[in-house]
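Asker: Everything below, folded, please.
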Amino acid sequence: MADVLVPFGNRWLAMSRETFTEALAAGDQLMPATQPAQAEIGPQWLTVQALAKATGVSTRYWYEQIRTGHCPSQHFGTSVRVPRSFLADIETTSIGRNGAGQ
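Answerer: Numbers count the residues shown, from 1 in each chain. Below you'll find the predicted structure:
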């Protein structure tokens, strides 16, 4: 009889507690805990509204930047998203290496 049930897609894995513990140990060896989990990083794509809120610049400005190709974007159905890395890039550019905007 299985001691542990683990969701796997739309199915379930059933295993003994010993097998589960061995699987966790093997996973730790393959993927060290020093790598941040995806949930800790946050979303990889920002809405234009989130970008506007983070930068203090209007959504109208950002939509214009996207339209003219100055801001990278991706369309997901009818919505537009901006890569989170772009926000980090503009923060680094606007602050500068010495933290004084230079």
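Asker: Can you report how many residues lie near L87?
Answerer: Other residues within reach of L87, judged by other C-beta atoms under 10 Å, total 15. Placement of C-beta: from N, CA and C, glycine included.
Asker: Can I take it that it is in a helix?
Answerer: Yes. Assigned with DSSP: H, G, I helix; E, B strand; the rest coil, L87 falls within a helix.
Asker: Skipping its backbone neighbours, what lies nearest it in space?
Answerer: Nearest residue to L87, sequence neighbours excluded (C-beta to C-beta, 6 or more residues apart in numbering): A54, at 5.8 Å.
Asker: Please tell me I have it right and that neighbour contacts I90.
Answerer: No. Proximity of A54 to I90 does not meet the contact threshold set by C-beta atoms under 8 Å, at 9.5 Å.
Asker: Just say helix, strand or coil for the closest residue to T47 other than its chain neighbours.
Answerer: Nearest residue to T47, sequence neighbours excluded (C-beta to C-beta, 6+ apart): R81, at 6.4 Å. State at R81, reduced to three classes by three-state DSSP: strand.
Asker: Tell me what R81 is bridged to.
Answerer: Applying DSSP bridges to R81 yields these beta-bridge partners: T47, Q74.
Asker: Which stretches in this protein count as helices?
Answerer: Secondary structure of the chain, counting by DSSP state H: helices at 17-30, 38-41, 48-55, 59-67, 84-95.
Asker: I'd like those as TSV, with mean pLDDT appended.
Answerer: As requested, the helices of the chain are arranged in TSV below (pLDDT from 0 to 100):
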stretch	mean pLDDT
helix 17-30	87
helix 38-41	52
helix 48-55	92
helix 59-67	95
helix 84-95	76
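Asker: Columns distance to G77 on top of those helices, output as JSON lines?
Answerer: Compiled in JSON lines, the helices of the chain are given as follows (distance: least, C-beta to C-beta, whole Å):
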{"stretch": "helix 17-30", "distance to G77": "34"}
{"stretch": "helix 38-41", "distance to G77": "22"}
{"stretch": "helix 48-55", "distance to G77": "14"}
{"stretch": "helix 59-67", "distance to G77": "16"}
{"stretch": "helix 84-95", "distance to G77": "19"}
